[in-house]
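1. Curious how this folds, go ahead:
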Amino acid sequence: MSLSLPLPHLAEQYLLDPDVVYLNHGSFGAVPRPVFESYQHWQRELEANPVIFLGRRLPDLLAQSRERLGAFINAAPDDLTFVPNVTYALNIVTRSLDLQEGDAVLTTDHEYGAIDRAWRFNCERQGARLVNQPVAVPIADPAGVVEQIWAGVDERTKVISLSHVTSPSALILPVKEICRRARNAGIISVVDGAHAPGQLDLDMEEIGADFYGGNCHKWLSSARGTGFLYARPDRQALLEPLVVGHGWDKDPPGLSRFQDYFSSVGTIDPAAYLSVPAAIDFQEQNEWPQVRRACHQLLRETERRILELSGLPPISPETMWEQMRVVLLPGRIEAYQRLWEEDRIIIPVGQHGGQPGVRISVQAYNSPADLDSLVQALKRGAAAA
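-> Down below sits the predicted model:
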């Protein structure tokens, strides 16, 4: 049985203000009630006996949470470590890799600003080059994206870093093929998967990245402040701790240096990490593949309606997006920058190749009425543009 939005039985599980049209799940996610309750449960467990919880129970609890996450993304639990977010995860990688003067890090011009800055910071420190390879939009042929990116490789390319789903343009990039080529060429592959868990089916073994950072608090809808870093076993020795704690030079050593370095970083509130199994349960219990398809269908229809207003092309074929989509708009960006103030719509508006556009996220709590509100507001903006 296929599903279609609205899905009231799911929408009522989210804690969002019902008077707001929330079309920006991609930025910070939204936590359903059962997951939030799990998060608060772990906070209460911690407060009941902080010493026993943090000093004795936590290692096993984190291992259990990693085990559930590992099964969800097909990764060995011991090749995963929890971190607050992908920015933190990939800073571990950028600060660890030993780049030499003249080496090159290849990325694209669609990357998230914080990750681009992390690479630029470390390339400047080490005398390496950061190459932001252009991927022109609109894209007519997804297969051509591989060649556009790979055209930036030269004899000094040591690292390729790219998004699985780009943040500014919401495009699914061909990370599996790029990682395969990188491995054959002896190039380290790094993937920013901030928007992937819960929006795409993930298989770390199949993707083949050396390092993959993901967020659980976006499309998987765990409590906020929950990301992970996956590292292939043969690449883990390259990583150094971003924060030096008791796990460095541990005596006696634990299961692995990777777990020692990144599982012991001082006192934290681990409740968000421990909410991951509840987030996975919520999606598994609610036919999430069908929910994602229903979201995609509503977003596809919304894109069609908006493009009819503008006469502009879609920025890519449908195979390059799932629940998040950038749709181009006519005229000046200023005509669309008061959607919150005037229409109570939360949605990012930006420039894409000199053309204004909105990045629309559709999640289980959205309804056709939400998208109708957006289309009507954009009609008014287009008339004023």
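
2. Low-confidence regions, the chain specifically.
-> Per-residue confidence of the chain (counting by pLDDT under 70) places the weak regions at 1.

3. For Lys176, which non-adjacent residue is spatially closest?
-> With sequence-adjacent residues excluded and distances taken as C-beta to C-beta, 6 or more residues apart in numbering, Lys176 is closest to Ile207, at 5.3 Å. C-betas here are computed from N, CA, C, even on glycine.

4. correct me, but the one you found touches Val175?
-> Yes: with the criterion set as C-beta atoms under 8 Å, Ile207 and Val175 qualify as a contacting pair; they are 5.9 Å apart.

5. how's the protein carved up into domains?
-> Taking automatic domain parsing as the domain assignment, the record places the domains of the chain at 8-30+287-384, 36-282.

6. what sits up against stretch 12-25?
-> Counting by C-beta atoms under 8 Å, 6 or more residues apart in numbering, the neighbours of stretch 12-25 from elsewhere in the structure are 30-34, 36, 218-219, 282, 323-324, 343-348, 359-366, 370-371, 373-374.

7. Can you give me the buried ones in stretch 169-180?
-> Of the residues in stretch 169-180, those buried by neighbour count under the rule 16 or more other C-beta atoms under 10 Å are 169-176, 178-179.

8. That one: how far from the chain's middle?
-> Using C-alpha atoms, centre = their mean, to the nearest Å, the distance from the centre of stretch 169-180 to the centre of the chain it belongs to is 13 Å.

9. and the domains of the chain as a markdown table, adding distance to Ser2?
-> Written out in a markdown table, the entries for the domains of the chain read as follows (distance: least, C-beta to C-beta, whole Å):
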| stretch | distance to Ser2 |
| --- | --- |
| domain 8-30+287-384 | 6 |
| domain 36-282 | 18 |
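
10. before we move on, the earlier item: show me which of the buried residues of stretch 169-180 is closest to Leu10.
-> Ranked by distance to Leu10 (C-beta to C-beta), those are led by Ala170 at 22.2 Å.

11. quick one: contacts for the nearest residue to the closest one once chain neighbours are set aside?
-> Leaving out its chain neighbours, the residue that sits closest to Ala170 by C-beta to C-beta, 6+ apart is Met324, at 4.3 Å. If you count contacts by C-beta under 8 Å, 6+ apart, Met324 has them with 25-26, 165, 170, 195, 199, 299, 359-362.

12. let's see 7 Å
-> Met324 is in contact with 26, 165, 170, 195, 359, 361, counting by C-beta atoms under 7 Å, 6 or more residues apart in numbering.

13. Give the burial count for the closest residue to the first one other than its chain neighbours, as a bare number.
-> Pointing back at Gly26 there. The shortest distance from Gly26 to any non-neighbouring residue, by C-beta to C-beta, 6+ apart, is to Ser361 (4.3 Å). Here the neighbour count serves as a burial measure; for Ser361 (other C-beta atoms under 10 Å) it reads 26.

14. Next one: Ser361 from Leu173, what distance?
-> Remark: distance between Ser361 and Leu173 (C-beta to C-beta, to the nearest Å) = 18 Å.

15. Just to check, Arg292 is in contact with Gln323?
-> Yes: with contact defined as C-beta atoms under 7 Å, Arg292 and Gln323 form a contacting pair (6.1 Å).

16. These two: which has the busier surroundings?
-> Neighbour comparison, Arg292 and Gln323: the larger count goes to Gln323, with 27 against 22 (by other C-beta under 10 Å).

17. Please list all residues in contact with His195.
-> Shown here is His195, whose contacts under the criterion C-beta under 7 Å, 6+ apart are 26, 165, 167, 218-219, 324.

18. Which of those fall in strands?
-> When strands are assigned by DSSP state E, the members of these inside them are Met324.

19. Quick one: which of the contacts of His195 is the most crowded by neighbours?
-> In terms of neighbours by other C-beta under 10 Å, those top out with Lys218 at 30 neighbours.
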